[in-house]
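> coordinates for the following, if possible.
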Amino acid sequence: MKKKDNKKGLRIILAITSLVFIFIVIFVVIRLEGEKPVFEFQPNNVIFGTQTQVTLLVGDKKSGLKKVWVALKTEGKEIPLLEKDYEGSFINGGSGVHDDVLTLTFEPGKIGINDGTAVIRIAVTDYSWKGFLKGNVAYAEKGIVVDTKKPVINVLSKNHYISPGGTALAIYTLSEKCSKHGVVVDGELFPGHSGYFKDKNKYISFFALGHAKGKNTPIHLKAVDVAGNDAKIGFNYYVKRKRFKKDVINLPLSFLNRKLPSFDVEVPESSGDKKIAKFVLINNKLRKENYLTFVSVTKTTDKILHWKGRFERLPKSARRASFADHREYRYKGKKIDEQFHMGIDLASNSNSPIPAGNSGRIALAGDVGIYGRTVVIDHGFGLFSMYAHMSSVMVKQGDIVKKGDVIGKTGSTGLAGGDHLHYSMIVHDTFVNPVEWWDAKWIKNNVTSKLNAYKE
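Residues are numbered from 1 along each chain as shown. Here you go, the predicted model:
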């Protein structure tokens, strides 16, 4: 009986020992995993400038991160850029950190690096037991170019006269290819474009001054090269004085009853007069949304000067409202809203044919909120014309039209009170005064004379 008990006990001990051994083997096999960590640079820059920020994404799904090391090798020397250790142990499962995001700011001037080629070395280690507890190592080298020289901007055009709500043209050259450049007006960039001149380093930029900007509005040229080096230069410009008129629009109940049902706008239950509340929402919130639609459309432009000569206005029409009129909206004698009118209203016979103001490509053709049926024409290099409140549209997006081609008919769609054409000009994303573009003399003095002077 005693022998049987001993044998049974021995079997239990052997079974437990086997399980422990199997557990140890499994544990060791797991700890000896051979999957290397992973890492990625964002963005994957090749050219580094005066100050280049890079994000390094590192990860190890199994053993966890142990160490990240980054260094730069150039001119026979190696300079550490980043070194991070993740605390942990090989026994209790490493650091427990499986993913990390590291930011690295590369500033050649601070570490004594000259312009030229260099190599970035990256090593990421995990807590694997492989290699006698050294862990798996992911290693890579990345060749880069260090460029700390700012691009050189040379302004060719001499005189730049501009009014609030007006347009001007700058012509300039760049010493190198740049990722972003153009004229900056009070912090807003009006991009420059190549393609008009044979010289690919020669650029033009149509820039605008918002109707509310004043005489002391800062304007300069800016260029940022591929390495991120930023250059700025001033140039001669003169801002003319310009005043816009004020207008009072009394809203009759018949207008609200006729127009409001067309707009799907939810009015808060707490609103007093629902009709007035809905009108104000349409005139404010929807107007802003519509503006963003035009901004989206005008972000891209053809690198072709489609247009030629002055722009056509609606034939045999009378002006009913001017550009940048400060409109005060009243209902029963009480002010309920105010807005600026960013175009010119032209009235003729009902359903009058609308000619394209000049040649170009149809960038938008469809319904746009308060503007109703609308057409936007891209005339090239950031210049657009807009036609709104149309009763019918006879073109589609992508069509090429010539000056005078009929693109639709006047109407009263959107928030229009009666049949007319709302005509606007847009430079990049800024509404400007169409009167300038209807004036052949203004175009000659401010645009075509400059283009012809630097054509070669």
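
> hey, which helix or strand in the chain has the poorest pLDDT?
Taking mean pLDDT, DSSP states H and E as the measure, the helix or strand of the chain with the lowest value is helix 2-31, at a mean of 60.

> which helices and strands does the helix or strand following that helix pack with?
Per DSSP states H and E, helix 2-31 leads on to strand 38-42 as the next helix or strand towards the C-terminus. Applying 3 or more C-beta pairs under 8 Å, 6 or more residues apart in numbering; DSSP states H and E, one finds that strand 38-42 makes contact with strand 52-59, strand 116-126, strand 137-146. In short, each C-beta sits where N, CA and C put it, glycine included.

> which residues sit against the longest one?
In this structure, residues lying in contact with strand 116-126 by C-beta atoms under 8 Å, 6 or more residues apart in numbering are 36-39, 56, 58, 60, 62-75, 78, 81, 94, 134-146.

> how about residues contacting stretch 318-331?
By C-beta under 8 Å, 6+ apart, the residues outside stretch 318-331 that reach it are 164-165, 211, 244-251, 256, 276, 279, 283, 335-348, 420, 431-435.

> narrow these to those in strands?
246-250, 335-341, 344-347, 431-432 (DSSP state E).

> just the buried subset of these, please.
Neighbour counting by 16 or more other C-beta atoms under 10 Å classes 249, 336-337, 341, 344-347, 431-432 among the ones in strands among the contacts of stretch 318-331 as buried.

> which two among those are spaced furthest apart?
I336 and V432 (28.4 Å; C-beta to C-beta).

> ok, the nearest residue to E78 once chain neighbours are set aside to Y139 distance?
Excluding the flanking residues, the one nearest E78 by C-beta to C-beta, 6 or more residues apart in numbering is A71, at 5.2 Å. According to C-beta to C-beta, to the nearest Å, A71 stands 11 Å off from Y139.

> what's the closest non-adjacent residue to the residue nearest the centre of the chain?
Taking C-alpha atoms, centre = their mean, the centroid of the chain lies closest to K299, which sits 7.8 Å from it. Excluding the flanking residues, the one nearest K299 by C-beta to C-beta, 6+ apart is D429, at 7.6 Å.

> right, and the one you found touches V297 too?
No - counting by C-beta atoms under 8 Å, V297 is not a contact partner of D429; they are 9.2 Å apart.

> got the CA positions of stretch 286-305 in PDB?
Once non-C-alpha atoms are left out, stretch 286-305 reads as follows in PDB (Å, rounded to 0.1, in the frame of the first residue of the first chain):
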ATOM      1  CA  LEU A 286     -26.300  80.200 -44.000                       C
ATOM      2  CA  ARG A 287     -24.500  83.100 -45.500                       C
ATOM      3  CA  LYS A 288     -21.300  82.100 -43.800                       C
ATOM      4  CA  GLU A 289     -21.700  78.500 -44.900                       C
ATOM      5  CA  ASN A 290     -22.200  79.700 -48.500                       C
ATOM      6  CA  TYR A 291     -19.100  81.800 -48.200                       C
ATOM      7  CA  LEU A 292     -17.100  78.600 -47.200                       C
ATOM      8  CA  THR A 293     -18.500  77.000 -50.400                       C
ATOM      9  CA  PHE A 294     -16.900  79.700 -52.500                       C
ATOM     10  CA  VAL A 295     -13.700  79.400 -50.500                       C
ATOM     11  CA  SER A 296     -13.600  75.700 -51.300                       C
ATOM     12  CA  VAL A 297     -14.300  76.300 -55.000                       C
ATOM     13  CA  THR A 298     -11.600  79.000 -55.300                       C
ATOM     14  CA  LYS A 299      -8.800  77.000 -53.600                       C
ATOM     15  CA  THR A 300      -7.800  75.600 -56.900                       C
ATOM     16  CA  THR A 301      -7.300  77.600 -60.100                       C
ATOM     17  CA  ASP A 302      -6.100  77.100 -63.700                       C
ATOM     18  CA  LYS A 303      -2.600  78.100 -64.400                       C
ATOM     19  CA  ILE A 304      -3.800  79.800 -67.600                       C
ATOM     20  CA  LEU A 305      -4.800  83.400 -68.200                       C
END
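
> buried sites along that stretch?
Within stretch 286-305, the residues scored as buried using 16+ other C-beta under 10 Å are 286-287, 290-291, 293-294, 297-298, 301-302, 304-305.

> just curious, which of those is nearest to Y238?
Nearest to Y238, judged by C-beta to C-beta, of the buried residues of stretch 286-305 is L305 at 25.1 Å.

> just checking, that closest one touches F197?
No - if you go by C-beta under 8 Å, L305 and F197 don't touch, sitting 10.8 Å apart.

> I'd assumed G408 was in contact with P355.
No - using C-beta under 8 Å, P355 is not in contact with G408; the gap is 9.9 Å.

> show me where the protein has helices.
2-31, 108-111, 130-133, 253-259, 274-281, 287-297, 434-437, 440-443, 449-453 (DSSP state H).

> any idea how far the second one is from the chain center?
For helix 108-111, the separation from the chain centroid amounts to 31 Å (computed by C-alpha atoms, centre = their mean, to the nearest Å).

> for that helix, output the C-alpha coordinates as PDB.
Only the C-alpha atoms of helix 108-111 are listed here, as PDB (Å, rounded to 0.1, in the frame of the first residue of the first chain):
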ATOM      1  CA  PRO A 108      21.400  72.700 -37.300                       C
ATOM      2  CA  GLY A 109      22.600  76.100 -36.100                       C
ATOM      3  CA  LYS A 110      22.300  75.000 -32.400                       C
ATOM      4  CA  ILE A 111      24.400  71.800 -32.900                       C
END
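
> in it, what's buried?
So for helix 108-111, counting by 16+ other C-beta under 10 Å, buried means P108.

> residues making contact with it?
Contacts for helix 108-111 (C-beta under 8 Å, 6+ apart): 48, 50, 72, 79, 114-115, 146, 148.

> return the subset of those lying in strands.
Per DSSP E, the contacts of helix 108-111 map to strands at 48, 72, 79, 146.

> and the two most separated of those?
Largest separation among the ones in strands among the contacts of helix 108-111 by C-beta to C-beta: F48 and I79, giving 13.1 Å.

> just want to know which of the two has more residues nearby.
F48 (23 against 13; other C-beta atoms under 10 Å).

> so the more buried one touches V226, yeah?
No - look at F48 against V226 with C-beta under 8 Å: they stay out of range, at 10.1 Å.

> need the residues touching each of these two.
Listed as contacting both F48 and V226 by C-beta under 8 Å, 6+ apart are D147.

> tabulate the ones in strands among the contacts of helix 108-111 (a markdown table), appending distance to C178.
Formatted as a markdown table, the ones in strands among the contacts of helix 108-111 follow (distance: C-beta to C-beta, whole Å):
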| residue | distance to C178 |
| --- | --- |
| F48 | 16 |
| L72 | 25 |
| I79 | 28 |
| V146 | 18 |
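
> can I get those in TSV including pLDDT and distance to A416?
Formatted as TSV, the ones in strands among the contacts of helix 108-111 follow (pLDDT from 0 to 100; distance: C-beta to C-beta, whole Å):
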residue	pLDDT	distance to A416
F48	92	55
L72	94	63
I79	94	66
V146	95	59
